[in-house]
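> after the sequence you'll find the predicted model.
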Amino acid sequence: MRFAAKRCGVQFSPPSIVLIYEHTETKKVRKRIIPVRNFSKYSDYSMAAERLKNNPRHRDYLEGVSQSQLEKLHIILRDHMQGFSLEHSLSSFCLDPDEDLNKLDDEDLARKKGQMDELFEKNRRRKDDPDFVYDLEVDFTKTTLEKCSWDDESDDGF
């Protein structure tokens with residue numbers, strides 16, 4: 001690998017991926033602006049990211065950039081084309097434990113599940129880990145249960 005990716009970002013006008021990379025032989029840091037062509041607010045971000053990563057002109061530069069990172073950058077570009085703010089796009093990548101996942105469409109739900117899988121794998125303890133404990137028992141504090149009105153009114157037979 002002749003190029004090491006340092007930073008990656010987006011440019012809205014014209015829609016492009018901005019890559020800061022270091023040439024491994026000369027140790028020079030350079031900036032490459034990769035235009036995103038044939039991409040609209042209705043485009044599939046995963047296909048566009050895959051097409052860009054496999055493009056022979058940019059393949060060597062994007063080798064150090066993960067597919068999920070390119071997909072996130074394409075999502076930010078697509079959201080900007082749809083009129084959403086940058087804050088809205090970035091907040092869609094954060095996992096909110098209070099968010100109702102039943103209200104999401106299939107695409108957003110798959111993205112959130114992928115983020116949860118990544119977080120699970122990152123926090124997972126394996127047998128080979130130095131801090132692995134086989135039969136770990138954790139005592140959680142018990143919270144008081146709230147009384148509901150239908151509990152008092154229920155029949156004695158049930």
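That came in fine, so what should we check first? Numbering: from 1, shown residues only.

> neighbours of residue 21, how many?
23 (other CB atoms under 10 Å). For the C-beta atoms, the positions are set from N, CA and C on the backbone; glycine is no exception.

> how close does it get to residue 34?
11 Å (CB to CB, to the nearest Å).

> which regions of the chain sit below the pLDDT cut-off?
Scanning the chain for pLDDT under 70 picks out 149, 151-158.

> what sits in contact with each of residue 21 and residue 34?
Taking CB atoms under 8 Å, 6 or more residues apart in numbering as the contact rule, residue 21 and residue 34 both touch residue 61.

> contacting residues around the closest residue to residue 62 other than its chain neighbours?
In this structure, residue 62 finds its nearest non-sequential neighbour in residue 53, 5.2 Å apart by CB to CB, 6 or more residues apart in numbering. For residue 53, the contact set (CB under 8 Å, 6+ apart) comprises 59, 62, 65, 67, 70.

> which of those residues has the largest number of neighbours?
Greatest neighbour count in the contacts of residue 53, by other CB under 10 Å, goes to residue 62: 24 neighbours.

> got the phi/psi numbers for residue 48?
Here is the backbone geometry of residue 48 (degrees, to the nearest 10): phi -70, psi -40.

> ok, now which ones touch it?
Applying CB under 8 Å, 6+ apart, the residues near residue 48 are 36, 39, 74.

> can we see that at 6 Å?
Taking CB atoms under 6 Å, 6 or more residues apart in numbering, we find residue 48 in contact with 39, 74.

> before we move on, what about residue 2?
Contacts for residue 2 (CB under 6 Å, 6+ apart) come out as residue 24.

> repeat that for residue 115.
So residue 115 contacts residue 95 (CB under 6 Å, 6+ apart).

> tell me which element it falls in.
Using DSSP states H and E, residue 115 maps to helix 106-123.

> that helix: which residues count as buried?
For helix 106-123, a neighbour-count test (16 or more other CB atoms under 10 Å) marks 111, 112 as buried.

> so residue 102, which state does it fall into?
helix (DSSP: H, G, I helix; E, B strand; the rest coil).

> how close does it sit to residue 31?
Residue 102 is 43 Å from residue 31, by CB to CB.

> for those two, indicate the residue with more neighbours.
Per other CB under 10 Å, whichever of residue 102 and residue 31 has more neighbours is residue 31, with 10 against 6.

> name the element the more buried one belongs to?
Assigned by DSSP H and E, residue 31 belongs to strand 29-35.
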